[in-house]
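In: what shape does this take:
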Amino acid sequence: MYILRVEHPVPNYEGWKQAFDSDPVDRRRSGVRRYQIMRPVDNPNYVLIDLEFDTRREAEALLTAMRGVWARVEGQIMMDPKAQIVETVETQEI
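Out: Sure, this is the predicted structure:
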């Protein structure tokens with residue numbers, strides 16, 4: 001499994017969430033199997049998003065699409081996005 005991990009500050013979480021929910025890159029069609037949104041407990045205006053994919057190619061394609069979206073909304077909806085694609089190599093439930 002491949003995960004596209006994105007993180008960035010947001011000026012207003014509710015406004016960012018509305019934009020995220022509008023789904024400008026069609027996550028389902030892009031191959032996203034599941035996603036998770038997290039926020040640090042001491043900073044509600046910072047988000048971390050994990051988007052899970054079956055293939056690295058799908059993750060790379062969505063990252064390319066997201067860079068286009070970020071170029072249009074940076075400074076309004078979010079700032080200074082950071083992203084990386086990681087591969088799950090082990091998962092253990094205890």
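
In: what residues sit buried inside stretch 68-79?
Out: 70, 77-78 (16 or more other CB atoms under 10 Å). To be clear about C-beta, it is placed using only N, CA and C from the backbone, and glycine gets the same treatment.

In: closest one to Leu4 out of those, please.
Out: Taking CB to CB as the measure, Leu4 lies nearest Trp70 of the buried residues of stretch 68-79, at 12.9 Å.

In: state the distance from that closest one to Arg57.
Out: Per CB to CB, to the nearest Å, Trp70 is found 20 Å from Arg57.

In: before we move on, the earlier item: out of the buried residues of stretch 68-79, which is nearest to Ile49?
Out: Out of these, the member with the shortest distance to Ile49 (by CB to CB) is Met78, at 10.5 Å.

In: and that closest one, what are its bridge partners?
Out: Legend: beta-bridge partners of Met78 under DSSP bridges are Glu74.

In: so who does the closest residue to Asn45 other than its chain neighbours touch?
Out: Nearest non-adjacent residue to Asn45, counting by CB to CB, 6 or more residues apart in numbering: Val10, 5.3 Å away. Each residue near Val10 by CB atoms under 8 Å, 6 or more residues apart in numbering is listed here: 16, 45-47, 77-79.

In: if anything else comes up later, I'll come back, but that's it for now.
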